[in-house]
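> Generate a structure from the sequence data that follows.
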Amino acid sequence: MKWILILRALLAALAIAGSTVSVAADVEVAVHDLNAQPLMDAVVFAEPVDVAAAPPSHATTHALIDQVNKEFVPLVTIVRVGTEVSFPNSDNIRHSIYSFSAAKPFTTKLYSGKQAPPVIFDKAGVVVLGCNIHDMMAAWVVVVDTPYFAKTSASGTAALKGLAPGDYHVSVWYPGPTVAPAVSDLHVGAEGDAHLEFKVDGAASSLPALRARAAQTKP
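Residues are numbered from 1 along each chain as shown. Predicted coordinates:
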């Protein structure tokens, strides 16, 4: 009789646990300009309203931004707070990388190859990169304090994976004179996957011109 009672207790516990299991959702975000054209390389990230709901990062804590034909590659990078970024120089000339941005001011010595020490991005915000030797070079690092982030593809879409049920602020940032991102509220419920659309004024962005120049100089 005792083992029957134990078995019933175990079954009841499993039933309760099963009823509280949360299914993670994927959120597709579409970003277009004011003319309904897709925007590539827009940064998308979701921040839980309850900050304690954000799980610890198990993703890579290292990223790489190369320098090829006097261009940064990639032009836009998104990382989580605490990520170490390396800046190898694949050109046959020397570069000196700098940022005056409040989120991460730094300057590397003039170097070639892989001589520059990596930089740890330890504060959330937008970091604009430049080269002290080549004024035409520019790139952006967006540092976020959330594990849910992505960049849009050429189709203007990005997928935020594995969001637990709850409330989120979903932000979209695109390089331009306005540093503040566009923000929309999202509730992830039992229905699972969701879709959001943003319209962003990308007319003043220098990103398309940089991308076109990089394509022209590509060997």
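> Give the next helix or strand downstream of the lowest-mean-pLDDT helix or strand in the chain.
Within the chain, no helix or strand scores below helix 2-19, which has a mean of 44 by mean pLDDT, DSSP states H and E. For helix 2-19, the following helix or strand on the C-terminal side (DSSP states H and E) is strand 25-32.
> List the neighbours of that following strand that are in contact with it.
Strand 25-32 has contacts (CB atoms under 8 Å, 6 or more residues apart in numbering) with 38-39, 42, 44, 46, 150, 152, 156-165, 170, 172, 174, 186, 188, 192-200. Just so you know, the C-beta spots here come from the backbone N, C-alpha and C atoms, and that holds for glycine as well.
> Now list the buried members of those residues.
Buried subset of the contacts of strand 25-32 (neighbour count, 16 or more other CB atoms under 10 Å): 39, 42, 44, 46, 150, 152, 156-158, 160, 163, 170, 172, 174, 186, 188, 194, 196, 198, 200.
> In strands, which of those residues fall?
If you go by DSSP state E, the buried ones among the contacts of strand 25-32 have 44, 46, 150, 157-158, 160, 163, 170, 172, 186, 188, 194, 196, 198 in strands.
> Can you lay out the residues you listed as a markdown table showing pLDDT and distance to residue 23?
Formatted as a markdown table, these follow (pLDDT from 0 to 100; distance: CB to CB, whole Å):
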| residue | pLDDT | distance to residue 23 |
| --- | --- | --- |
| 44 | 98 | 21 |
| 46 | 96 | 16 |
| 150 | 97 | 20 |
| 157 | 98 | 22 |
| 158 | 98 | 21 |
| 160 | 95 | 15 |
| 163 | 91 | 10 |
| 170 | 97 | 19 |
| 172 | 97 | 25 |
| 186 | 94 | 16 |
| 188 | 89 | 10 |
| 194 | 90 | 12 |
| 196 | 95 | 19 |
| 198 | 96 | 25 |
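> May I see these arranged in a markdown table, with distance to residue 96 as well?
Below are these laid out as a markdown table (distance: CB to CB, whole Å):
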| residue | distance to residue 96 |
| --- | --- |
| 44 | 31 |
| 46 | 36 |
| 150 | 31 |
| 157 | 36 |
| 158 | 32 |
| 160 | 36 |
| 163 | 40 |
| 170 | 37 |
| 172 | 32 |
| 186 | 41 |
| 188 | 44 |
| 194 | 44 |
| 196 | 40 |
| 198 | 36 |
